[in-house]
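Engineer: sequence and predicted structure, then a few things I'm wondering about:
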Protein chains: 2
Amino acid sequence: MTYGSPDRHSGTLTQGGYSDKVVVSERFVVRMPDGIDLKSAAPLLCAGITTWSPLKHYGVQAGHKVGVIGMGGLGHIGVKLARALGAEVTLFTRSESKVAEAKRQGADHVVVSTDEAQMEAVTEQFDFMLDTVPVQHDINPYLKALKYDGTHILVGLLDPIEPAIEGFNLVFKRRVLAGSLIGGMPETQEVLDFCAEHDISCDVELINIDQINDAWQRMEKGDVKYRFVIDMASLKDNS
Amino acid sequence: MTYGSPDRHSGTLTQGGYSDKVVVSERFVVRMPDGIDLKSAAPLLCAGITTWSPLKHYGVQAGHKVGVIGMGGLGHIGVKLARALGAEVTLFTRSESKVAEAKRQGADHVVVSTDEAQMEAVTEQFDFMLDTVPVQHDINPYLKALKYDGTHILVGLLDPIEPAIEGFNLVFKRRVLAGSLIGGMPETQEVLDFCAEHDISCDVELINIDQINDAWQRMEKGDVKYRFVIDMASLKDNS
């Protein structure tokens, strides 16, 4: 792996994005489109492609109603990408306090998922759910919010799915529960080009390398909108 | 509903398939193809269409590897339909004793699902799983048997899915868990025509109406290959 694995040549551990230089096959290089802001483009290579790949794979387009679950690094870029693809986008968040922020990110609608009445009101409304939540949560209320033939796409949850999915929530409406992991190289170039064309970027906080411990602590508290990006020029200043 | 619900005209309960006559809109009538054996065709209207609909919806065809889970009324017709569509079919059963019967029904291969070595040997082999099991069972071993982009189709399980599905079994290989319920009228005509054309029928035991209590007890013990069909002419003899 590019980070934390034995280096093929030196036998030391690979340093991934902390490297000054890295030698790779051209197959694993993407071209940064002209005019893209580097710091804001950095998370497109992870959060961006993770949300782009399933949106493209399942053919999200104008006329579709898409729910995005979770207002974090993946969720905020998922909202922007789905909207730019022409979909009508609803952001689901547990917290009333995130409603204004979700609207600012471009969500057409916001549903507070802890409010049963709001969840009831969206029964059988959606073609797709993009579920960015990385911890266990009840998927059943979101399945009910899908139309006949609707698709719920997990991009963050690797743990056992508990509470249990009710079989009838899939069977009765021919709904689909799918998983998706990051994306391939052609799609990664595609999302960069798409974002440059549509003036989409991730919201980031640029930090210097010597702020990394503080940033780690803030990240663990969820206190970042929405990704920290390290200015690698600051590594040279410090070395 | 056509059975056990208030009749729109008489106010008595509807009798469904036990009726002598029933008045319906032509939209809900199917044509029995010439030469089809009536008693063997009867379960095509339930077990047949239930397995046919997802096989068609997901485009099962020659070149696909299909697993059918469960060797009952749905499973045995699922094997025949998937094979006639050109797929290579593997029947999954918990019981070594059903291996010969599964081969007789046309399965290309049989896997005893309680044998871990046999399950390991089919890791990432299948495009589709047609899961006919109507009671709770662990779906994870079957998900692992799916290729990248493979689809597991539930047609029998309405209960909570326990043990829990591991999120990574979906996410890492972009696998899909889907549900499907019976099928519509055009597909029902289609499966009847397909079965007539390919000489496919359900294995049934024809009984008279006065054997129904005995048949019910045998059905509860799983002692039927694979459906009881009542000869309605015997109702007249007994009335």
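Structural biologist: Okay, I see it. Predicted, not measured: the structure shown is a model, and the values here were computed from it. Numbering: from 1, shown residues only, chains lettered A, B, ... in the order given.
Engineer: any idea how far the closest residue to residue A:62 other than its chain neighbours is from residue A:148?
Structural biologist: With CB to CB, 6 or more residues apart in numbering or on different chains as the criterion, residue A:62 has its nearest non-adjacent residue at 3.0 Å, and that residue is residue A:86. All C-beta spots, glycine's among them, are computed from the backbone N, C-alpha and C. As for residue A:86, its distance to residue A:148 is 21 Å (criterion: CB to CB, to the nearest Å).
Engineer: burial count for residue A:84?
Structural biologist: Using other CB atoms under 10 Å in any protein chain shown, residue A:84 has 17 neighbouring residues.
Engineer: about what we covered before: quick one: contacts for the residue nearest to residue A:62?
Structural biologist: Contact analysis of residue A:86 by CB atoms under 8 Å, 6 or more residues apart in numbering or on different chains lists A:61-64.
Engineer: how about residue A:63?
Structural biologist: By CB under 8 Å, 6+ apart, the neighbours of residue A:63 are A:86-87.
Engineer: tell me the predicted confidence for it.
Structural biologist: Note for residue A:63: predicted pLDDT of 98.
Engineer: look up how far residue A:128 lies from it.
Structural biologist: For residue A:63 relative to residue A:128 (CB to CB), the value is 12 Å.
Engineer: give me the common contacts of these two.
Structural biologist: residue A:87.
Engineer: mind listing the residues bridging to the closest residue to residue A:113 other than its chain neighbours?
Structural biologist: Closest residue to residue A:113 apart from its sequence neighbours, by CB to CB, 6+ apart: residue A:92 at 4.8 Å. Judged by DSSP bridges, the bridge partners of residue A:92 are residue A:69, residue A:111.
Engineer: residues in contact with residue A:92?
Structural biologist: Contacts of residue A:92 (CB under 8 Å, 6+ apart): A:67-70, A:110-111, A:113, A:142.
Engineer: residue A:176 and residue B:177 touch, don't they?
Structural biologist: Yes - counting by CB atoms under 8 Å, residue A:176 does reach residue B:177; the two are 7.3 Å apart.
Engineer: domain-wise, how is chain A divided?
Structural biologist: As given by automatic domain parsing, the domain ranges for chain A are A:44-179, A:203-239.
Engineer: which one of the ones you listed has the poorest average confidence?
Structural biologist: domain A:203-239 (a mean of 91).
Engineer: how about the residues of chain A near chain B?
Structural biologist: A:57, A:154-155, A:157-181 (CB under 8 Å from any CB of the partner chain).
Engineer: name the single longest strand found in chain A.
Structural biologist: In chain A, taking DSSP state E as the definition, the longest strand is strand A:146-154.
Engineer: just checking, what packs against the helix or strand following that strand?
Structural biologist: Using DSSP states H and E, the helix or strand that directly follows strand A:146-154 along the chain is helix A:167-171. With contacts taken as 3 or more CB pairs under 8 Å, 6 or more residues apart in numbering or on different chains; DSSP states H and E, helix A:167-171 sits against helix A:140-144, strand B:146-154, strand B:176-179.
Engineer: neighbouring contacts of helix A:167-171?
Structural biologist: Under CB under 8 Å, 6+ apart, the answer for helix A:167-171 is A:140, A:143-144, A:175-177, B:154-155, B:157-161, B:177-181.
Engineer: how about 6 Å then?
Structural biologist: A:140, A:143, B:154, B:157-159, B:161, B:179, B:181 (CB atoms under 6 Å, 6 or more residues apart in numbering or on different chains).
Engineer: related to what we said a few turns ago, who wins for most neighbours among the contacts of residue A:92?
Structural biologist: Neighbour-wise, these (other CB under 10 Å) top out at residue A:68, 31 neighbours.
Engineer: quick check: it touching residue A:80?
Structural biologist: No - applying CB atoms under 6 Å, one finds residue A:68 not in contact with residue A:80, separated by 9.7 Å.
Engineer: how near is the most centrally placed residue in chain A to residue A:161?
Structural biologist: For chain A, residue A:74 is the residue whose C-alpha lies nearest the centre (CA atoms, centre = their mean; 2.2 Å). Per CB to CB, residue A:74 is found 18 Å from residue A:161.
Engineer: residue ranges for the helices of chain A, please.
Structural biologist: A:38-41, A:47-57, A:73-84, A:99-104, A:116-120, A:140-144, A:167-171, A:185-197, A:212-220, A:233-238 (DSSP state H).
Engineer: looking at those, which is closest to residue B:135?
Structural biologist: Of all those, helix A:167-171 sits nearest to residue B:135, with 10.3 Å by CB to CB.
Engineer: can I get the closest one in CSV, CA atoms only?
Structural biologist: The C-alpha coordinates for helix A:167-171 follow below in CSV (Å, rounded to 0.1, in the frame of the first residue of the first chain):
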residue,chain,number,x,y,z
GLY,A,167,-36.5,-8.3,4.7
PHE,A,168,-39.9,-6.9,3.7
ASN,A,169,-38.4,-3.4,3.3
LEU,A,170,-36.4,-4.9,0.3
VAL,A,171,-38.8,-7.5,-1.0
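Engineer: could I get the buried residue list for it?
Structural biologist: A:167-171 (16 or more other CB atoms under 10 Å in any protein chain shown).
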